[in-house]
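Q: Whatever this is, show me its structure:
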Amino acid sequence: MTIEYKQTKEHLIEYNKYVLSNNKKYKRNIFFIRAVIAIIIFAVFNNLVKDVPLFEPYDTYIPFVMAGVVLFITSLSDQSKLIVKNMLKANPQLIGERKVEVLENELTIEDDKGKTVYPFESFTQKVETTNLLLLFLSESVAIVIPKEVFGSDEEKEELLNRIDDHKTYDKN
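A: Numbering: from 1, shown residues only. Predicted coordinates for the structure are as follows:
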């Protein structure tokens with residue numbers, strides 16, 4: 001089976017959203033940022049309730065309020081778009097034409113840089129998102145294949161079954 005497609009920036013953004021949403025360190029960092037923001041809001045609100053002038057003395061509150069605003073803005077931003085933008089600056093070949101060949105015991109991917117062979121045993125996990133099939137080589141490195149390139153669900157299932165036939169990880 002041969003699959004040809006163009007990997008786009010949108011595919012990489014969706015992949016990064018999946019990785020970030022399942023990354024414990026990232027979740028812990030977002031929790032920490034939001035906790036700091038809550039503490040700052042509580043401190044400011046507490047002083048307002050006590051009828052203490054909010055910005056007196058100025059040197060006490062302004063750094064905390066500014067830090068809270070910066071943390072709040074960064075916690076709301078879509079980090080995956082920024083990550084992909086930086087990745088593409090360093091590695092523009094991450095997007096472009098791909099040719100995937102599914103052979104008996106391996107997957108070969110050909111792009112502008114050349115051809116890479118991945119034995120089915122090298123995949124540690126397979127994940128389906130809304131639009132992508134992700135074949136993970138490690139916790140955060142995956143082969144990204146858009147689901148739309150499969151002619152049918154049977155083609156996709158054939159690939160997944162071949163990988164499962166060669167795997168030692170839990171197939172559920």
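Q: Could you use CA atoms for every contact and neighbour count after this?
A: OK.
Q: Leu103 reaches Ile109, doesn't it?
A: No - counting by Cα atoms under 8 Å, no contact exists between Leu103 and Ile109, whose distance comes to 10.9 Å.
Q: Quick one: the strands in the protein, in order.
A: Counting by DSSP state E, residue ranges of the strands within the chain are 2-7, 96-102, 106-111, 114-119, 125-128, 132-136, 142-146.
Q: confidence score at Ser75?
A: Ser75 carries a pLDDT score of 62 in this model.
Q: And Leu103 and Ile109? Which one has more around it.
A: The neighbour comparison of Leu103 against Ile109 (other Cα atoms under 10 Å) goes to Ile109, with 19 against 14.
Q: Low-confidence regions, this protein specifically.
A: Within the chain, the stretches falling below the threshold (pLDDT under 70) are 26, 44-65, 71-80, 167-172.
Q: mind giving me the domain ranges of it?
A: Taking automatic domain parsing as the domain assignment, the record places the domains of the chain at 2-8+94-165, 15-86.
Q: So which residues make contact with stretch 155-163?
A: Counting by Cα atoms under 8 Å, 6 or more residues apart in numbering, the neighbours of stretch 155-163 from elsewhere in the structure are Val102, Glu104, Asn105, Phe120, Glu121, Phe123, Lys126, Lys147, Phe150.
Q: wait, the third one sits on Phe120?
A: Put plainly, it is Asn105. Yes - using Cα under 8 Å, Asn105 is in contact with Phe120, at 6.0 Å.
Q: out of these two, which sits in the more crowded spot?
A: Relative neighbour count places Phe120 above the other of Asn105 and Phe120, with 23 against 13, counting by other Cα under 10 Å.
Q: quick one, helices of this structure?
A: Counting by DSSP state H, residue ranges of the helices within the chain are 9-21, 24-49, 58-76, 79-90, 153-165.
Q: and among those helices, the most buried is which?
A: Stretch with highest mean neighbour count among those: helix 9-21 (a mean of 17; mean count of other Cα atoms under 10 Å).
Q: Please save the CA atoms from stretch 156-169 in CSV.
A: This file holds the C-alpha atoms of stretch 156-169, laid out as CSV (Å, rounded to 0.1, in the frame of the first residue of the first chain):
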residue,chain,number,x,y,z
LYS,A,156,-6.3,2.5,7.7
GLU,A,157,-7.2,-0.6,9.7
GLU,A,158,-4.9,-2.7,7.5
LEU,A,159,-2.0,-0.5,8.4
LEU,A,160,-2.9,-0.5,12.1
ASN,A,161,-3.3,-4.3,12.1
ARG,A,162,0.1,-4.8,10.5
ILE,A,163,1.7,-2.7,13.2
ASP,A,164,-0.2,-4.6,15.9
ASP,A,165,1.0,-7.9,14.4
HIS,A,166,4.6,-6.9,15.1
LYS,A,167,4.2,-5.2,18.4
THR,A,168,4.9,-6.2,21.9
TYR,A,169,3.1,-3.3,23.7
